[in-house]
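[1] fold the following.
(chains A and B)
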Amino acid sequence: MTGNKKVTVFRPDRRTFIRLTSSVIGLVSAEARASGQVLKFGLTPVFLNNDIELLGKLKDYLSRQTGREVQLVQRRTYEEITSLLLSGQLTSAWICGYPLVQYAEQLSLVAVPLWHGEPLYSSYLIVPKGRAAADIADLNGDLHAFSDPNSNSGYLVTAALLAERRLRPEQFFRQTIFTYSHRNVVRAVASGLAQSGSVDGYVWEVMASIEPELTAKTAVMRKSELLGFPPVACLASHAESEGVLLIRQALLAMRGDPGGQEVLKLLRLDGFAEEPLQLFSPIAEKMRLIRGLTQ
Amino acid sequence: MTAKPLWRQLSSPAWPVSVRVPIVVALLMVAISIAVSNRVLSRLEVTQERNLNQLASAYLDGLSASLIPSVVREDVWEVFDILDRSRERYRGLNVKWAAVTNSENRTIAASAPDIFPPLDALPAKTVAEFSLTDEVVTDERRNQARMFRSLVYQGREIGRVYAVADISALMQERSEVLRELILTNVLLTVLLVAFGYFFMRRMLRPVGLLSAYLIRSREDTMTPIPDMVIQSQSREFRDLFARYNAMTEAVNEREVLAAGLAEEEKLASVGRLASGMAHEINNPLGGMFNAIDSLKKYGAREEVRLTSIRLLEHGLAGIRDLVRSTLTTYRADQRPRDLTPTDLDDLRILLKSEARQRRQRLDWRIDFDVPVHVPAIPVRDAIFNLLLNACHSSPQSSSISMMACTRGGEFIAEVSDEGSGLPSHIKEYIERKGAGSAPLDRRSGLGLWIVKRHCDELKARLEVVTSGNEGTVIRFTVPIVSDEFEYAA
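    So this is what the prediction gives:
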């Protein structure tokens, strides 16, 4: 055999390997998309849960807008939904500002709801109607109802308020309970089970128009400053995925769609918008405050 | 004076049957109502308690299963949430409050947190009201049912459930049932009493009719019930009315017969009287004819003439007395008048021939000398019949006495004989009131019957004073009529 026939062995370098692997994965993903991969949208209890009509309309809207089958995933706690999201089991999820800042490196914003035209809301400290309490100091020794340990309005804001006074909730209150729903915080205070509670201001206001007989048994003692509204987030690594893009587009287009307007009407929201992550900086500040106290 | 028991009053004939039967119906209905109401209420109570127990058991079972994981964690909110939601789910039980404690009886949560705050010990007074068994305790005074369940996990008591249900709805149901029972029973009783009264009146109408006929027969002759009336009655009353009519016919026939017998007796009496008179007249006639013969033969002799004339005079005087007595006694156109002592003296003359035949002695004692205001003719007739009976029932050569007097506004006549006493049935007939409607029997006792009829007319009394081997005394007492009243024609 004359002349050396050079046999070229394909030896990709690391970068090429990754590119190729990504291409293969991309081809597989594209195939999956073409076959109609299910979009999984997570919902936390910040949402007005147990509203079958709302869930139905939201699912229909998202399915129609994305052209994909959409599965709504509900869990009892923020932690469960956040874990599902972080583990990549959800395309995106409507979480709270507190988990967002907790996992700011892993998570990315998809869209932020607009309430009264702003992506903002407050946390309320509520007490039973008729109770003479004007300051958080008056709540010392209470049985206090929190919504969720990972909720901004239902825990972090009050914990931060106490942290400013170098106090932790378990020191300040006689006992604290977690109801894992903002509505349940209102129920606990209205029934007299808890002498005070921390609740999402948006939820309390919407309940005041839907269940006025329940909120009428409570009174808002303190409203926090305006903070970033609980956002829709996704894994940062999936931020540019088609599924996330489709969901973002659907959420942003909700205002202009009759079906979307119906959903917004049920949610008492004005729409969704793209907002900077800095919107949640005050929440991150509160987190750091209580972490500093704990450490 | 103690009141008679009700059953005795209801048995008393003083109350009409048409009233007694409805009252008995009412009493029976009341008794039945009480028994039925009692039974219904006790059954209702048992059913309600069984349902309450089943519902309480289902409630506590469901609650226990849901509560155990939360009680293990002593999760205040979850325990409250379960209690709060169960209230809606077991709305039928109407739970007033429920409290869940840990094993140290410290409240984890209660459906009424303002009464039983979390972490506080459940008040001992509250715990003491519960039986601490699975048995539901009902407190009807407070309209409460108290339920208790021990929460056992892995063989260890981790907590307790105390619950109180409001049973006022059950109590109200009981009182409503009782009220409806009372109302229904009262209505039924009133209706049945009204029906009872109405139907008893209808059923007893034939008895009333028969009674009216019997009352009429006492005042007048017995009248048969018309066939038309009989035919409109039920079978048993048709038979009864038919028997009444048969009795009426028999009584009327008997009265006709008795009247005939009385007429025969009268004729026999007239015959006896005529015979007696003939005898009485015949006796002096022989002497008078002898006197006439003596006058014819020795009329020239003055002593013979005077003796004969005296004998004739005596004989004629005797005949005159007899004729006068007979005329006085049996004059047809007699009018009611007062009884005089002479009337009773005349009886002695009339009875003389009867007594003489039996060689009986007549003792007369009349203790009044002015007319007595009683009807002379029937009184004398009654006494005469008693005297005739005394003569007939007394042995030969005995004595017959008649005593008459007035005493206490009454005229009294006593007739005595020395016979062997009255048979019991005659004594009973003499003393029985109203016996004058019929004679004692078909062939005897007509004289007594006449006496009894006069007694009825005069409202007089006839009584046997003594009756035995030594003789009989019969007293005939007639009330003296006051001056304002005249004798009945």
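[2] look at the residue lying closest to A:Asn150 once chain neighbours are set aside and say how many residues are nearby.
    Distance criterion Cβ to Cβ, 6 or more residues apart in numbering or on different chains; nearest residue to A:Asn150, sequence neighbours excluded, is A:Tyr78 at 3.7 Å. In short, each C-beta sits where N, CA and C put it, glycine included. A:Tyr78 has 27 neighbours, counted by other Cβ atoms under 10 Å in any protein chain shown.
[3] I figured A:Glu274 hits A:Leu114, correct?
    No - judged on Cβ atoms under 8 Å, A:Glu274 makes no contact with A:Leu114 at a distance of 11.0 Å.
[4] which one's the longest helix in chain B?
    helix B:235-298 (DSSP state H).
[5] which neighbouring elements make contact with it?
    Counting contacts by 3 or more Cβ pairs under 8 Å, 6 or more residues apart in numbering or on different chains; DSSP states H and E, helix B:235-298 packs against helix B:168-219, helix B:227-231, helix B:302-330, helix B:341-357, helix B:446-458.
[6] what lies in contact with the fourth one?
    Applying Cβ atoms under 8 Å, 6 or more residues apart in numbering or on different chains, the set of residues contacting helix B:341-357 from outside is B:272-273, B:275-277, B:279-280, B:321-322, B:325-326, B:328-329, B:361-362, B:364, B:366, B:368-369, B:376, B:379-380, B:383-384, B:387-388, B:391, B:400, B:402, B:404, B:413.
[7] and if we set it to 7 Å?
    B:276, B:279-280, B:321-322, B:325, B:328-329, B:362, B:364, B:366, B:368-369, B:376, B:380, B:383-384, B:387-388, B:391, B:400, B:404 (Cβ atoms under 7 Å, 6 or more residues apart in numbering or on different chains).
[8] who touches the residue nearest in space to the middle of chain A in this structure?
    When chain A is reduced to its mean C-alpha position, the closest residue under Cα atoms, centre = their mean turns out to be A:Ile95, at 1.4 Å. Taking Cβ under 7 Å, 6+ apart, we find A:Ile95 in contact with A:44, A:78, A:81-82, A:85, A:230-231, A:233.
[9] JSON lines for these, including pLDDT and secondary structure?
    Shown next, in JSON lines, are the contacts of A:Ile95 (pLDDT from 0 to 100; DSSP: H, G, I helix; E, B strand; the rest coil):
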{"residue": "A:Thr44", "pLDDT": "79", "secondary structure": "coil"}
{"residue": "A:Tyr78", "pLDDT": "91", "secondary structure": "helix"}
{"residue": "A:Ile81", "pLDDT": "94", "secondary structure": "helix"}
{"residue": "A:Thr82", "pLDDT": "94", "secondary structure": "helix"}
{"residue": "A:Leu85", "pLDDT": "95", "secondary structure": "helix"}
{"residue": "A:Pro230", "pLDDT": "95", "secondary structure": "coil"}
{"residue": "A:Pro231", "pLDDT": "96", "secondary structure": "coil"}
{"residue": "A:Ala233", "pLDDT": "96", "secondary structure": "strand"}
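[10] ranking those residues by neighbours, who comes first?
    Neighbour count (other Cβ under 10 Å) singles out A:Ala233 as the most crowded of those, with 30 neighbours.
[11] that one bridge partners, please.
    Applying DSSP bridges to A:Ala233 yields these beta-bridge partners: A:Ala93, A:Leu109.
[12] now name the helix or strand holding the residue lying closest to A:Gln249 once chain neighbours are set aside.
    In this structure, A:Gln249 finds its nearest non-sequential neighbour in A:Gln65, 7.1 Å apart by Cβ to Cβ, 6+ apart. Using DSSP states H and E, A:Gln65 maps to helix A:52-66.
[13] list the buried residues for that helix?
    Within helix A:52-66, the residues scored as buried using 16 or more other Cβ atoms under 10 Å in any protein chain shown are A:54-55, A:57-59, A:61-62, A:65-66.
[14] before we move on, back to that, the contacts of A:Ile95 into a markdown table, with extra columns for distance to B:Ser175?
    As requested, the contacts of A:Ile95 are exported to a markdown table (distance: Cβ to Cβ, whole Å):
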| residue | distance to B:Ser175 |
| --- | --- |
| A:Thr44 | 53 |
| A:Tyr78 | 54 |
| A:Ile81 | 56 |
| A:Thr82 | 59 |
| A:Leu85 | 62 |
| A:Pro230 | 56 |
| A:Pro231 | 62 |
| A:Ala233 | 64 |
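[15] and of these, the nearest to chain B?
    Chain B lies nearest to A:Tyr78 out of the contacts of A:Ile95, by Cβ to the nearest Cβ, at 15.9 Å.
[16] wait, isn't that closest one in contact with A:Pro99?
    Yes - the pair A:Tyr78 and A:Pro99 passes the contact test of Cβ atoms under 7 Å, sitting 5.7 Å apart.
[17] identify the contacts common to those two.
    Jointly contacting A:Tyr78 and A:Pro99 under the rule Cβ under 7 Å, 6+ apart are A:Asn150.
[18] the domain parsing of the chain - what is it?
    Answering for chain A, as no chain was given. A:24-119+A:229-294, A:123-224 (automatic domain parsing).
[19] sorry, should have said chain B
    Per automatic domain parsing, the domain ranges recorded for chain B read B:7-174, B:334-489.
[20] just put the ones you listed in CSV and tack on mean pLDDT, mean neighbour count and distance to A:Ser151.
    Converted to CSV, the domains of chain B look like this (pLDDT from 0 to 100; neighbours: other Cβ atoms under 10 Å in any protein chain shown; distance: least, Cβ to Cβ, whole Å):
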stretch, mean pLDDT, mean neighbour count, distance to A:Ser151
domain B:7-174, 86, 16, 14
domain B:334-489, 83, 17, 115
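[21] and the ones you listed as JSON lines, adding distance to A:Gln195?
    As requested, the domains of chain B are exported to JSON lines (distance: least, Cβ to Cβ, whole Å):
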{"stretch": "domain B:7-174", "distance to A:Gln195": "9"}
{"stretch": "domain B:334-489", "distance to A:Gln195": "103"}
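[22] can you list the residues of chain A near chain B?
    A:143, A:175, A:177-179, A:184, A:188, A:191-193 (Cβ under 7 Å from any Cβ of the partner chain).
[23] related to what we said a few turns ago, among the helices and strands packed on helix B:235-298, which is nearest A:Gln74?
    Distance to A:Gln74, taken as Cβ to Cβ, is lowest for helix B:168-219 among the helices and strands packed on helix B:235-298, at 39.0 Å.
[24] for the closest one, name the packing helices and strands.
    Applying 3 or more Cβ pairs under 7 Å, 6 or more residues apart in numbering or on different chains; DSSP states H and E, one finds that helix B:168-219 contacts helix B:17-73, helix B:235-298.
[25] which parts of chain A are strands?
    Along chain A, the segments classed as strands by DSSP state E run A:39-43, A:70-74, A:92-94, A:107-114, A:120-121, A:123-128, A:143-146, A:175-178, A:196-200, A:218-223, A:227-228, A:232-235, A:271-273.
[26] before we move on, what about the stretch 351-489 of chain B?
    Applying DSSP state E, counting those that start in this stretch to the stretch 351-489 of chain B gives strands spanning B:361-366, B:372-375, B:399-407, B:410-417, B:461-468, B:471-479.
[27] having no further points to raise, I will conclude here.
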